[in-house]
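Asker: Any chance you could fold what I've pasted below:
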Amino acid sequence: MEVIEKLMIDDVKGKMFNAKVADPKNNDLAILSHYIHNRELENNPFRNDALNIGKEILEKEYPGKSVKKNDIEKAIRDGFFGFDNAIFQPIRRNRFTFIDLFAGIGGFRMALQNLGGKCLFTSEWDKEAKKTYTHNYGDVPFGDITLEETKSYIPDNFDVLCAGFPCQAFSIAGKRGGFEDTRGTLFFDVAEIIRRKQPRAIFLENVKGLRNHDKGRTLETILNTLRNDLGYYVPEPKIINAKDFGTPQNRERIYIIGFHQDTNIDEFNYPEIFNQAVSFADVKERDVVPTKYYLSTQYLKTLEEHKARHASKGNGFGFEIIPDDGIANAVVCGGMGRERNLILDHRITDFTPTTKIKGEVNREGIRKMTPREWARLQGFPEEFDIVVADASAYKQFGNSVAVPAIQATAEKIINKIL
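Answerer: Here you go, the predicted structure:
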């Protein structure tokens with residue numbers, strides 16, 4: 001059977017993506033895309049299932065045709081399935097390998113790929129984040145990492161495990177302080193993968209509050225698990241601020257680094273901060289933005305009243321306007337992330353509302369930052385495509401890691417293990 005036309009990535013999405021990716025237990029497209037980009041792996045965990053999935057797709061595209069293994073491999077080489085049309089393709093000649101857990105939209109991947117790393121496995125269960133990740137990197141992330149079936153596809157012999165794992169309450173944190181105490185949390189799944197796969201290094205990221213969560217017992221449990229149960233050298237975690245690494249955002253996150261005992265690494269220095277002045281003007285849109293980003297008079301009035309109520313009680317809560325020469329507050333999910341990062345932009349000329357709003361468009365030039373401005377605050381390059389609606393884009397960038405800070409730290413890790 002000859003493959004005459006290519007099934008481009010948008011067609012893959014249209015025909016299969018929504019149905020399959022909506023179910024976090026359905027990993028068909030993840031298996032296929034991972035095999036396409038990792039055919040050179042020994043003991044390839046994707047191969048057999050990927051060929052069966054490819055056969056199913058080809059038989060649907062060419063009903064009545066007899067599809068053989070050679071047809072599937074040729075379709076993959078010809079780019080028939082479309083996963084090699086992404087913007088940031090996996091590199092072939094890599095310096096090191098890594099896996100990307102709780103991947104979001106790939107902030108870790110962007111950083112480590114910039115350093116010459118190749119991603120062998122990625123997981124994320126949010127459907128909208130998967131769309132963004134697939135479009136930009138060509139790999140469909142696997143779904144629910146808590147499932148044994150999903151874990152079974154993680155390859156052996158990768159160098160670095162990356163995970164921006166969610167922080168959950170540990171049911172019995174601190175009572176024993178080890179591996180058993182993490183059961184029922186997503187960190188347990190990370191720890192279990194580390195135990196099985198024994199990567200040379202680990203790089204974990206979490207919110208600053210992890211340090212004091214449950215009076216410090218949660219972090220103590222995590223460190224005891226990594227150090228005592230898994231045998232990794234783990235230096236004291238450090239709070240890293242994105243604004244110190246070239247992005248004008250006051251975003252503090254805790255980084256936890258670890259090295260396998262076979263590396264004989266027993267010291268680690270976090271990266272020096274960049275000697276670079278940054279401000280919001282560096283990321284501000286160069287052109288006039290659509291009217292929809294400007295606040296209505298009614299919305300602005302509500303924010304002002306809300307802030308005044310808190311001020312009368314001695315609280316500092318409420319909206320904030322970031323000057324062009326200032327540093328943005330942390331971009332986070334929810335309305336607070338946008339309301340704490342309003343800006344002044346007087347270039348608007350058309351005050352005709354483009355969405356259903358109460359009142360008029362304000363004449364003071366107060367607007368929300370755009371999703372692209374949030375992307376820049378997180379260090380994503382201009383080529384990174386935003387392919388989802390604004391609400392999802394804000395959520396995705398708010399949940400992401402800050403790429404430059406991750407990259408600076410990852411470079412120190414890679415230099416230790418290579």
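Asker: give the contact list for the spatially most central residue of the chain.
Answerer: When Cα atoms, centre = their mean is applied to the chain, the residue found nearest the centroid is Gly104 (3.1 Å). By Cβ atoms under 8 Å, 6 or more residues apart in numbering, Gly104 lies in contact with 124, 126, 129, 133, 164, 396, 399-401. To be clear about C-beta, it is placed using only N, CA and C from the backbone, and glycine gets the same treatment.
Asker: Buried by neighbour count: which residues of stretch 275-286 qualify?
Answerer: Applying a neighbour-count criterion of 16 or more other Cβ atoms under 10 Å, one finds 278-280, 283-285 buried in stretch 275-286.
Asker: farthest-separated two in the residues you listed?
Answerer: The most widely separated members of the buried residues of stretch 275-286, counting by Cβ to Cβ, are Val278 and Glu285 (16.6 Å).
Asker: Go ahead and list the helix or strand containing the residue nearest to the centre of the chain.
Answerer: Following DSSP states H and E, there is no helix or strand that holds Gly104.
Asker: Would you mind measuring from Asn352 to Asn269?
Answerer: To be clear, residue 352 is Thr; Asn isn't right here. Note on Thr352: its distance to Asn269, by Cβ to Cβ, to the nearest Å, is 55 Å.
Asker: pLDDT, neighbour count and secondary structure added to the contacts of Gly104, as a markdown table?
Answerer: Shown next, in a markdown table, are these (pLDDT from 0 to 100; neighbours: other Cβ atoms under 10 Å; DSSP: H, G, I helix; E, B strand; the rest coil):
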| residue | pLDDT | neighbour count | secondary structure |
| --- | --- | --- | --- |
| Glu124 | 95 | 26 | coil |
| Asp126 | 92 | 21 | coil |
| Ala129 | 95 | 22 | helix |
| Tyr133 | 96 | 24 | helix |
| Gly164 | 92 | 21 | coil |
| Gln396 | 96 | 26 | helix |
| Asn399 | 93 | 19 | helix |
| Ser400 | 96 | 26 | coil |
| Val401 | 97 | 25 | coil |
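Asker: which among the residues you listed gets closest to Asn70?
Answerer: Closest to Asn70 out of the contacts of Gly104 is Tyr133 (30.7 Å), distances taken as Cβ to Cβ.
Asker: For the closest residue to Ile154 other than its chain neighbours, which residues count as its bridge partners?
Answerer: Once flanking residues are discounted, Ile154 sits nearest to Phe121: 5.0 Å by Cβ to Cβ, 6 or more residues apart in numbering. On the basis of DSSP bridges, Phe121 is bridged to Ile99.
Asker: just checking, Phe121 touches Pro155?
Answerer: Yes: taking contacts as Cβ atoms under 8 Å, Phe121 lies within contact range of Pro155: 6.1 Å.
Asker: which neighbours do those two share?
Answerer: By Cβ under 8 Å, 6+ apart, Phe121 and Pro155 have these common neighbours: Ile99.
Asker: between the two, which one's more packed in?
Answerer: Comparing Phe121 with Pro155 by other Cβ atoms under 10 Å, the one with more neighbours is Phe121, at 28 against 18.
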